[in-house]
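In: sequence? don't have it. structure:
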């Protein structure tokens, strides 16, 4: 668990056998993108795919998994 984003329960996609990505929702505002807290983001496989510090964000229907 982190203070930047959370996974949206029930909103996930199976990309390939053994690889599932889950949609994220911001817990804080990210001013660099004009992103208010509570905004839906894209899909990530795990927290290792998106830094929990700084302004990094995955948006839309983008999917980040593996070593990305």
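Out: Arrived safely. This is a predicted model, so every value here is computed, not measured.
In: next one: stretch 2-16 to chain centre, how far?
Out: The chain centroid and the centroid of stretch 2-16 are separated by 6 Å under Cα atoms, centre = their mean, to the nearest Å.
In: and the contacts of that stretch?
Out: By Cβ atoms under 8 Å, 6 or more residues apart in numbering, the surrounding residues in contact with stretch 2-16 are 20-28, 40-41, 43, 45, 47, 50, 52-53, 63, 65. Using the backbone N, CA and C atoms, a C-beta is placed for each residue, glycine as well.
In: now do the longest strand seen in the chain, average pLDDT.
Out: Within the chain, and with DSSP state E defining each element, the longest strand by residue count is strand 5-16. Model confidence over strand 5-16 averages 96 on the pLDDT scale.
In: buried sites along it?
Out: Within strand 5-16, the residues that qualify as buried by neighbour count (16 or more other Cβ atoms under 10 Å) are 5, 7.
In: how about the helix or strand just after it: buried residues?
Out: Toward the C-terminus, strand 5-16 is succeeded by strand 19-26 as the next helix or strand (DSSP states H and E). Burial within strand 19-26, assessed by neighbour count using 16+ other Cβ under 10 Å, is assigned to 21-24, 26.
In: so where is the protein shaky, pLDDT-wise?
Out: Within the chain, the stretches with pLDDT under 70 are 1.
In: quick check, central residue of it?
Out: A centroid search over the chain (Cα atoms, centre = their mean) returns residue 24, at 3.8 Å, as the residue closest to the centre.
In: tell me the contacts of that one?
Out: Contact partners of residue 24, counting by Cβ under 8 Å, 6+ apart, are 5-8, 40-44, 50, 58.
In: next: residue 65.
Out: When the contact criterion is Cβ under 8 Å, 6+ apart, the partners of residue 65 are 15, 19, 21, 44-45, 49.
In: quick check: phi and psi on residue 49?
Out: Its backbone dihedrals place residue 49 at phi -90, psi -10, with angles given as degrees, to the nearest 10.
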